[in-house]
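> How does the following fold in three dimensions:
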Amino acid sequence: MEHLRRTLRYYEIYCEKKGVGQCVHSLIEACGFRGEEKRIVYFFFVCAIYLHDFGKINPAYQTDVLGNEGFRSRRRQAANSYHGKASAYLYVDYMYRTVLKQPSEKVCKCLAAFAYCISRHHGRLENGKDFNELELWDEEYFQSRLDREVFERLEYDLQQTWIGKGNEAMSFYILVRLLYALITGCDYCATQEFMNEQVMEPAVLDMESIGIKESYDQSSLLKSIRRYQRDPASFCGEPINELRTQMFLEAEKRLLTHPDAHIYYLEAPTGAGKTNIAINLTLRVMEIDPQISNIIYVFPFNTLIEQTQAALEPYFGDHMMVINSLTPIPVREARVEEPEDEEHYEEAWVNHLFHNYPIVLTSHVQLFNALFGCRRDQCFPLLKLCNSVIVLDEIQSYKNEIWREIINFFQLYAKFLNMKMIIMSATLPQLDLLLNEAQARFIPLLACPQRYYQNPLFRERVHLDFSLLERGKITLEQLKEQVLAFKGRRVLVEFIKKKTAYDFYELCREDCQAVLLTGDDNGARRRQVIDRVRRREPMILIATQVIEAGIDIDMEIGFKDISLPDGEEQFLGRINRSCLQPGGGKVFFFDHDDADRIYRGDARLNYSISVPSIRNDLQEKRFDQIYRQVFADLLDRTSKANEKNFAYLERDCAQVNCLRIEKAMRLIEPTRQMFIPYHWEDLDGYKVWDEFKALCSNQEWSYARRKVELSQLALKMSYFTFTVYGDQQPPGSEAFGGYFFIEDGEQFVKEGVLDRKALENYFKGMFW
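Residues are numbered from 1 along each chain as shown. Model (predicted):
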């Protein structure tokens, strides 16, 4: 009973600190409940949190798990020690006997879904359509007096598709996910408090007390912007900075003019200063909406996280935390007399699990885990998202096939969880055009982005050359001849396949200062290459899409293998990025690899710049024209009578088929991690691997401490970790801890560069 009370108290804490209670009420209304039914459903919701562990009255649990000898004589009355199913059974029994008289089908559906969440609170959400556990209940220690058909009906109710209108089914799914996050999250916090005497306080942002807004407003950059705002005629800086200032002020004005919007678009050219604009916008959102309590930045690439972290550091400092696969989990410094205090690790691990920091920088995969993941730990950060401002960068990189599904979910999450989303990109698809019925309010922060795109400072920054494209398919030898004509300058060559990039690097390295940069490179080598680029060293940088939106570099000449129109524009952003090169930069497009093998299923493949009209749209920066055609294709695909039909997603939401939704909303297909040890500068990959195995096997430390210590090792591990898409274990490799360890890694690595050809030959093509 003490645990149940503490669990309910954490729900109250989240209501107070994060406004979760209002989110719950809004979602219940969005599901179509009014009046007395709304009151009943809310009561069900709160009771599901409170009664989630009521099944621990199970005598087998008391005896076997808790060692409670007072239940020894009744042990035989239970078949096993499970308490999740027992809690769900008791919950349904109590709700029916005390609340329900003549329940509607929709109310019963809520009860069934909430009971399902209780039954899964020590596992993970799966598919509600398979929920048939309670009708099979046959435990002696408790038998409900209700008719068995009540429990049989639960399965029926949960399998019914929603009988509502519009977005009710998707709102119902979000309501159920929020309940699951609260049951498991409040349960976890209550347990931690009992075991370690640590109260988990949701970290919220109070700008005034910690001085973030003052720090930003007093910065030299913002002071110069405010001077321009007061007197534009006084501006005496570079023309590009005046243009950036105009965009900054227009975006700010439109945000302040539309404070009740849910999703804002920031479409601005590369080099427009979007990061600085976004910092200002997040702080203004918190000014105009006092309910907003956290700031979250979401990026598709770790390199973007690193760059943005450096830009935010002067203003946000210690209030900001990066959460990704490479960043160590911070641990509060222990007192000298308690150097091995496990409580510090428990606290650090809980904060990491819940993303419990005022300002978070994280990946789009982490965001989608919170919105659609099925594991308990994936759901915890959903509580952080309530009443937060979220900046989504480079949304065009999200899986194109599910844009319609993404924007439907985004608008509902944003509206009912009071999330203010700022979506920004140089090639921004206004995804609300894919909605049949808009629930959220969408506002472009630049009323006419073309005004800025067509400015000569941006429009003439890079000159496009399609002469190589006119030749059709081009060989690497032919391309080499064209590239070497610019030998001695800063040249960027991008391919869409790692293998081709490596082959071209091998072809050129003897004749010029060639440097290779792909997704296979570890962070240290990538930083070394970028540092050389920023020192403006003459080189021919041969790369893959890793440089498109993930790395801030400025080159003179570019060559690019054509792919998607978004990718072409992102590439252009790496050439003459500073807009300071006399006469502008120049980019040559060519066709070598087949893009459809890399971007399989992407609707943008039909709109390559090999088509003259699309080529013209790219030159004129009319991405809205391209997206209208792409959107029409996506709407057509998701309206046909096949498994991609949007109605199937609505059905899965109505049935709480969480595993099916998680799979449908997956951004990145599952991959395998190979650990290939070699010597990298002062690091010995073999020693790093031994350290990893020792940490994983250390049973003297708590689980939390092992996870924290492993996060400290993650960056070192990444130097020797390579991603492959094969589904087989490489012959002779060692499988351990989610990795395949491959002995004698030196044979696959040359000067810090992965030799994919050697890997291909050794494993007989299993990864290609």
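> Name the spans of this protein whose pLDDT lies under the cut-off.
Low-confidence segments of the chain, defined by pLDDT under 70: 163-165, 209, 333-341, 548-550, 725-727, 764-768.
> longest helix anywhere in it?
helix 168-196 (DSSP state H).
> What residues sit buried inside it?
Of all the residues in helix 168-196, those buried under the rule 16 or more other CB atoms under 10 Å are 168-190, 192-193, 196. C-beta: built from backbone N, CA, C; applies to glycine.
> now swap in stretch 125-132 and tell me
Buried residues in stretch 125-132, counting neighbours by 16+ other CB under 10 Å, are found at 125-129, 131.
> Out of the residues you listed, list just those in strands.
Residues of the buried residues of stretch 125-132 located in strands (DSSP state E): none.
> Now distance to Gln513 too, for these, in CSV please.
Compiled in CSV, the buried residues of stretch 125-132 are given as follows (distance: CB to CB, whole Å):
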residue, distance to Gln513
Leu125, 53
Glu126, 55
Asn127, 56
Gly128, 59
Lys129, 60
Phe131, 63
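> Check these and tell me the two furthest apart.
In terms of CB to CB, the buried residues of stretch 125-132 reach their longest pairwise distance at Leu125 and Lys129, which sit 12.3 Å apart.
> Just the endpoints, please. Distance across stretch 427-435?
With CA to CA, to the nearest Å as the measure, the first residue of stretch 427-435 is 19 Å from its last.
> buried stuff in that stretch?
427-434.
> repeat for stretch 459-476
The neighbour-count criterion (16+ other CB under 10 Å) identifies 459, 461-462, 464, 466, 468-469 as the buried residues of stretch 459-476.
> of those, closest to Asp217?
Asp217 has its nearest neighbour among those in Arg461, at 31.0 Å by CB to CB.
> Assess the claim that that closest one and Pro582 are in contact.
No. Under the criterion of CB atoms under 8 Å, Arg461 is not in contact with Pro582, lying 11.8 Å apart.
> So what touches the helix or strand where Leu266 lies?
Under DSSP states H and E, the secondary-structure element containing Leu266 is strand 263-267. Residues external to strand 263-267 that are found in contact with it (CB atoms under 8 Å, 6 or more residues apart in numbering): 251, 255, 258, 274, 277-278, 281, 410-411, 414, 420-426, 428, 430, 432, 440-446, 449.
> which of the residues you listed are buried?
Buried residues within the contacts of strand 263-267, counting neighbours by 16+ other CB under 10 Å: 251, 255, 274, 277-278, 281, 410-411, 414, 420-426, 428, 430, 432, 440, 442-446, 449.
> Contact partners for the residue positioned nearest the centre of the chain?
Averaging the C-alpha coordinates of the chain gives a centre point, and the residue nearest to it by CA atoms, centre = their mean is His364 (1.9 Å). By CB under 8 Å, 6+ apart, the contact set of His364 is 298-300, 392, 397-398, 667.
> What segments of the stretch 651-768 of the chain are helices?
The residue ranges that make up the helices of the stretch 651-768 of the chain, judged by DSSP state H, counting those that start in this stretch, are 658-664, 685-697, 703-718, 756-762.
> Now do the strands in the stretch 551-700 of the chain.
Remark: strands assigned in the stretch 551-700 of the chain by DSSP state E, counting those that start in this stretch are 557-561, 585-590, 672-675, 679-680, 683-684.
> want to try a markdown table for these, with distance to Arg72 and mean neighbour count as columns?
Formatted as a markdown table, the entries for those read as follows, by distance: least, CB to CB, whole Å; neighbours: other CB atoms under 10 Å:
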| stretch | distance to Arg72 | mean neighbour count |
| --- | --- | --- |
| strand 557-561 | 72 | 25 |
| strand 585-590 | 78 | 22 |
| strand 672-675 | 47 | 20 |
| strand 679-680 | 59 | 16 |
| strand 683-684 | 55 | 16 |
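> closest to Arg34 out of those?
Checked against CB to CB, the stretch from the strands of the stretch 551-700 of the chain lying closest is strand 672-675, at 50.5 Å.
> what about the strands in the stretch 151-300 of the chain?
Counting by DSSP E, counting those that start in this stretch, the stretch 151-300 of the chain forms strands over residues 263-267, 294-299, given from the N-terminal end onward.
> Against which helices or strands is the longest one packed?
The one in question is strand 294-299. Under the contact definition 3 or more CB pairs under 8 Å, 6 or more residues apart in numbering; DSSP states H and E, strand 294-299 sits against helix 274-288, helix 302-316, strand 359-363, helix 364-372, helix 382-385, strand 388-393.
> Tell me the gap between the first one and the middle of its chain.
Which is helix 274-288. In terms of CA atoms, centre = their mean, to the nearest Å, the centre of helix 274-288 is found 20 Å from the chain centre.
> Check the third one too.
Remark: strand 359-363 is offset 9 Å from the chain centroid, using CA atoms, centre = their mean.
> Between helix 364-372 and that strand, find me the angle.
100 degrees (axes from the mean of the first three to the mean of the last three CA atoms, to 10 degrees).
> Direction included, what does strand 359-363 pair up with?
Taking DSSP bridges as the criterion, strand 359-363 forms sheet pairs with strand 294-299 (parallel), strand 320-323 (parallel).
> what's next to that strand, contact-wise?
With contacts defined as CB under 8 Å, 6+ apart, strand 359-363 is touched by 205, 294-302, 305, 308-309, 312, 316, 319-325, 355, 384.
> so which of the buried residues of stretch 427-435 comes closest to Pro232?
Each of the buried residues of stretch 427-435 was scored against Pro232 by CB to CB, and Leu428 proved nearest at 26.9 Å.
> doesn't the closest one fall inside a helix?
No. Under DSSP: H, G, I helix; E, B strand; the rest coil, Leu428 sits outside any helix and is assigned coil.
> how about it, what does it touch?
Leu428 sits next to 265-267, 395-396, 623 when contact means CB under 8 Å, 6+ apart.
> ChimeraX command to pick out the buried ones of these?
A single ChimeraX command selects the buried members of the contacts of Leu428 (16+ other CB under 10 Å):
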select :265,266,267,395,396,623
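> ok, the contacts of Leu428 vs Glu2, which is closest?
For the contacts of Leu428, the closest approach to Glu2 (CB to CB) belongs to Ile395, at 45.7 Å.
> Now that closest one: closest residue in space that isn't a chain neighbour?
With CB to CB, 6 or more residues apart in numbering as the criterion, Ile395 has its nearest non-adjacent residue at 5.2 Å, and that residue is Ile423.
> Name the helix or strand for the one you found, please.
Under the criterion DSSP H and E, the helix or strand holding Ile423 is strand 420-425.
> One more: Met95?
If you go by DSSP H and E, Met95 is part of helix 84-98.
> buried residues in that helix?
Using 16+ other CB under 10 Å as the test for burial, helix 84-98 gives 84-93, 95-96.
> Which strands or helices does it pack on?
Counting contacts by 3+ CB pairs under 8 Å, 6+ apart, helix 84-98 packs against helix 35-50, helix 105-119, helix 148-159.
> So which of the helices and strands packed on strand 294-299 is nearest Phe741?
Ranking those by distance to Phe741, with CB to CB as the measure, places helix 302-316 first at 23.0 Å.
> Check which residues of the closest one are buried.
For helix 302-316, the buried set under the neighbour-count rule, 16+ other CB under 10 Å, comprises 302-309, 312, 315-316.
> who does it touch, helix- and strand-wise?
Using 3+ CB pairs under 8 Å, 6+ apart as the contact criterion, the secondary-structure elements in contact with helix 302-316 are helix 212-217, helix 274-288, strand 294-299, strand 320-323, strand 359-363.
> In terms of secondary structure, what does whatever helix or strand comes next after the shortest one contact?
In the C-terminal direction, the helix or strand that comes right after strand 320-323 (DSSP H and E) is helix 342-353. When contacts are defined as 3+ CB pairs under 8 Å, 6+ apart, helix 342-353 sits against helix 168-196, helix 703-718.
> Dump those into JSON lines; add distance to Cys23 as well.
Conversion of these to JSON lines gives the following (distance: least, CB to CB, whole Å):
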{"stretch": "helix 168-196", "distance to Cys23": "7"}
{"stretch": "helix 703-718", "distance to Cys23": "29"}
